[in-house]
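J.: what shape does this take:
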Amino acid sequence: MQSCLLLMLFLAQALTSSAQVEISVEDFTIASGETKEVAVLLTNDKQVTALQLTVDLPEGLTYKENSVNKTARVKGRGAMVQASDKDAYERTGKLVIVETDGTIAAGEGAIITFSVEAGTLDDKEEVLNIEDIEIVDDNGTKLNENKTCTAKVKMLGLDCKFSAPESIEVSVGQEYQVDVTMTNVQDLTALQGTLTLPEGLEIVLPDEGEPKERFIYSDRIPKQSQFKFEDYNGSINFVLSSSMNAKIIENDGVIFSFIVKATADLAEETEISLTDLRVATPTGKSQLCDPLTIKVTNTSVADRAAFDEYKAEQAAALEALAEEGDSEASQAIIADAVADIEALEYDEEKSLDENKAAIDEVAASAQEALAAQRAAEQLAADKEAFAEYLAEQAAAVEALAEEDDSEAAQQILADAKAAIEALEYDEEKTLDENKAAVDAVAANAQEALTAQRAADAEAAKAAANEEAYETLKAQYNELRAALRQAKNTIKNDYPEVASQFDDAIADLEDMLSDAIAKLEGEYAAEKLTAESTLQNGEAIAAGIEALLADVAAAQLAADKAAFEAYQAEQAAAVEAMAEEGDSEASQAIIAAAVEAIEALEYDEEKTLDENKAAVDELVAPVEEALEAQREADAIIPGDVNGDGKINTVDASYILMYLVGNTPEDFVEKAADVDGDGKINTLDATAILKKLVE
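T.: Alright, predicted model coming up:
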């Protein structure tokens, strides 16, 4: 019984020590002049009856007096949450919050809230610290392990900014809308300012009969807010406010717009100004914002000059449309249009764009007429090109004929040529599309021709197969005859060993008969290419192998002797290539080749022909190398005409080469007299210098 009690006590202590009870505060953002409610969150897996904590607020935030409250999680008739008094807070800079006479069931969520107020803040991030956390149950047992926690506080300054276009261009009688943008990082309830327009620029009222509404409201302005205007000394003072304290939500975008119209009194360069711009927050905080200046350019003054300049540009643009090879008709279209444009005069009743449009109309009409003229000329040229292409492709199809073509193949080509020659130009299609129709006929002819020739080849192959079969059968019969002769030879020349080969030769003879029978059977059944494989049985393999080995040894000795004779023969042939007067380089080529030939040894892994081929590979390039070397030896620098003499004729040949009039007997390698790898006047000069030395 005592051990059970101890076990229960141990389990209770273990459960108490593993309890999860902690305080936390979520991160939050607060702007200058704003009041923000902060929630203290409790996560507890056991019932809590009392707690205490100290809140250390960052600089710029103050506790809103009497704002601490409990949430519905704090139960009990006497449940109460209180904070340290104002004097204590101002003295220590910290807020002590105590909850007494209540219960908080296991769970998670807010248990206490309090409000903080922001003064004028800078944009930065600070930390709110919760310290001295004490959480106990109804037995006074401490439940929390962590005595501190923190929350990040993002602080935002007021920092409201206005912006508008840096400049606008207006013309007399034309309207222009000016959008004013406001960027605010916190909610606002009011704004005001002064709008000053230059002489000759007036506001166009957005709603007729409503002179007080001089601005266009953006959707950022609450419906409860309204602008009020007052004219003063040529400027307009304006205030946006709401009797219902409606807010302009923190954002970035157009806040209001106004439309201006220029009169004849407007100067060429002037400006609009927005000054005394001020905003206010719901808490009464205000900020004076930077003024705005908008440069205004009256384009009407420059419109006539711009019109004349545009006329010149468009006339030049039309002239630039001329192309080399244009017909007289095309040239006349351009010349007439240029004359029409140059004859136009500025219409004061119209805007610059409308006057320019008159120029554009003439230019567009000319371009359209020019395009039509060129299209007609191009069509004629395309038809002519198509006719040439027809003839070319008909000739190309005709050229596909081969000497051994069958009648069927010849007919395919004849039909294709006739089909190509019958084609007519389709004006609804481009030249390439018309050519493609020709190509399609030619391609079909080639495809049909290929198929016909394949069929013809297959028939020829069948005939060749028949012939090959007969040939192979004859070869088998010849082999049988040779085998019988060999048998007779063995019996006559080597009677003492004849009996040793009788059975093997008989078996081989049987296999020859079987091979011919098999060949005839396969060919008759499958029409296969005539071929067969002779297979030797194990019983006769040893005897045949020994016989073949003897023959092979005798053959190898003969092959080596033949190879050595061939070596000597080819070495002598190379030496015979020498000519009287050969240069040392030519002699070296012959000597090196002879040495390489004589150094070769017979490769028993290869046949006699393959070994001879190795000798031939060394001999083959010698003659070409000698010819190149002798040609190089025969070239005399400066003997440009190759007559064996160097004189002024050689110098003149170089000059003729340099102007593109190269003589037929011009020796290019001899023309590089100074050896710099280039042929130029320095080489001609070098020849002349040699002549006077």
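
J.: residue 436 and residue 429: what is the separation?
T.: Distance of residue 436 to residue 429, given as Cβ to Cβ, to the nearest Å: 8 Å. Glycine gets a C-beta too; all of them are placed from N, C-alpha and C.

J.: residue boundaries of the helices in the chain?
T.: 2-17, 86-92, 300-319, 328-343, 352-398, 407-421, 431-493, 495-526, 538-575, 584-599, 608-634, 648-658, 668-671, 681-692 (DSSP state H).

J.: now mean neighbour count and distance to residue 217 too, for these, in TSV please.
T.: Putting the helices of the chain into TSV (neighbours: other Cβ atoms under 10 Å; distance: least, Cβ to Cβ, whole Å) gives the following:
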stretch	mean neighbour count	distance to residue 217
helix 2-17	10	64
helix 86-92	12	44
helix 300-319	16	31
helix 328-343	16	47
helix 352-398	15	30
helix 407-421	17	76
helix 431-493	14	60
helix 495-526	14	96
helix 538-575	13	107
helix 584-599	16	100
helix 608-634	15	95
helix 648-658	18	83
helix 668-671	18	88
helix 681-692	15	85
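
J.: you'd agree residue 251 is up against residue 184?
T.: Yes. Residue 251 is within contact range of residue 184, at 6.9 Å (criterion: Cβ atoms under 8 Å).

J.: hmm, residue 691 is touching residue 647, no?
T.: Yes. Counting by Cβ under 8 Å, residue 647 is a contact partner of residue 691 at 6.7 Å.

J.: tell me which residue is most central in the chain.
T.: Most central in the chain under Cα atoms, centre = their mean is residue 432, positioned 30.7 Å from the mean C-alpha point.

J.: quick one, what contacts that one?
T.: By Cβ atoms under 8 Å, 6 or more residues apart in numbering, residue 432 lies in contact with nothing.

J.: and it, how far from residue 679?
T.: Counting by Cβ to Cβ, the gap from residue 432 to residue 679 is 45 Å.

J.: same question, residue 671
T.: Distance from residue 671 to residue 679, by Cβ to Cβ: 5 Å.

J.: hey, what's in contact with both of the two?
T.: Common neighbours of residue 671 and residue 679 (Cβ under 8 Å, 6+ apart) are 654, 657.

J.: could you give the mean pLDDT of stretch 20-36?
T.: Here stretch 20-36 scores 88 as its mean pLDDT.

J.: give me the beta-bridge partners of residue 231?
T.: Under DSSP bridges, the beta-bridge partners of residue 231 are residue 236.

J.: picking that back up, residue 251 and residue 184: which is more packed in?
T.: A count of neighbours by other Cβ atoms under 10 Å puts residue 184 above the other of residue 251 and residue 184, at 24 against 12.

J.: contacts only, for the more buried one.
T.: Taking Cβ under 8 Å, 6+ apart, one finds 159, 160, 161, 248, 250, 251, 252, 279 in contact with residue 184.

J.: number of residues surrounding the closest residue to the first one other than its chain neighbours?
T.: Counting by Cβ to Cβ, 6 or more residues apart in numbering, residue 159 lies nearest to residue 185, which is 5.5 Å off, once chain neighbours are set aside. By the other Cβ under 10 Å criterion, the neighbourhood of residue 185 contains 17 residues.

J.: quick check: residue 185 vs residue 320, distance?
T.: 55 Å.

J.: can you check residue 345 too?
T.: 24 Å.

J.: same question for residue 291.
T.: Relative to residue 320, and taking Cβ to Cβ, residue 291 is found at 49 Å.

J.: between these two, who's got more neighbours?
T.: For residue 291 and residue 320, the more surrounded residue by other Cβ under 10 Å is residue 291, and the numbers stand at 13 against 9.

J.: wouldn't the more buried one be in contact with residue 275 here?
T.: Yes. Counting by Cβ under 8 Å, residue 291 touches residue 275, with 4.4 Å between them.

J.: so where's the stretch 301-450 of the chain shaky on pLDDT?
T.: Applying pLDDT under 70 to the stretch 301-450 of the chain flags residues 348-349.

J.: hang on, I meant the stretch 501-650 of the chain
T.: 501, 504, 512, 515-516, 518-555.

J.: residue 35 and residue 28, how far apart?
T.: 12 Å.

J.: kindly report the same for residue 693.
T.: Taking Cβ to Cβ, one finds residue 693 at 103 Å from residue 28.

J.: in terms of neighbours, single out the busier of these two.
T.: Ranked by neighbour count (other Cβ under 10 Å), residue 693 and residue 28 place residue 28 first, with 15 against 5.

J.: show me what contacts that one?
T.: Contacts of residue 28 (Cβ under 8 Å, 6+ apart): 36, 38, 151, 153, 154.

J.: next, the contact list for the third one, please.
T.: So that's residue 151. 24, 25, 26, 27, 28, 38, 127, 128, 130.

J.: out of those residues, who has the most neighbours?
T.: residue 38 (23 neighbours).

J.: identify the residue nearest residue 243 in space, chain neighbours excluded?
T.: residue 224 (7.3 Å).

J.: got a list of what residue 423 touches?
T.: Going by Cβ under 8 Å, 6+ apart, residue 423 touches 390, 434, 437, 438, 441.

J.: in JSON lines, list the residues you listed along with distance to residue 229.
T.: Converted to JSON lines, those look like this (distance: Cβ to Cβ, whole Å):
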{"residue": "390", "distance to residue 229": "82"}
{"residue": "434", "distance to residue 229": "73"}
{"residue": "437", "distance to residue 229": "76"}
{"residue": "438", "distance to residue 229": "79"}
{"residue": "441", "distance to residue 229": "83"}
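
J.: for these, which two are the farthest from each other?
T.: The most widely separated members of the contacts of residue 423, counting by Cβ to Cβ, are 434 and 441 (11.8 Å).

J.: low-confidence regions, the stretch 51-200 of the chain specifically.
T.: Using pLDDT under 70, the flagged stretches of the stretch 51-200 of the chain are 158.

J.: which residues of it fall in strands?
T.: Using DSSP state E, counting those that start in this stretch, the strands of the stretch 51-200 of the chain run over residues 61-63, 69-70, 74-75, 80-83, 94-100, 103-104, 107-118, 124-136, 149-156, 161-163, 167-170, 175-184, 190-196.

J.: I'd like to know which of those is closest to residue 632.
T.: Comparing the strands of the stretch 51-200 of the chain by Cβ to Cβ, strand 167-170 comes nearest, at 78.5 Å.

J.: how about the closest one: buried residues?
T.: Across strand 167-170, burial judged by 16 or more other Cβ atoms under 10 Å covers 168, 170.

J.: identify the residues contacting that strand?
T.: Contacts of strand 167-170 (Cβ under 8 Å, 6+ apart): 176, 178, 201, 260-262, 266, 294-299.

J.: quick revisit: got the contacts of residue 28 as a markdown table, with distance to residue 400 columns?
T.: Below are the contacts of residue 28 laid out as a markdown table (distance: Cβ to Cβ, whole Å):
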| residue | distance to residue 400 |
| --- | --- |
| 36 | 91 |
| 38 | 94 |
| 151 | 89 |
| 153 | 89 |
| 154 | 84 |
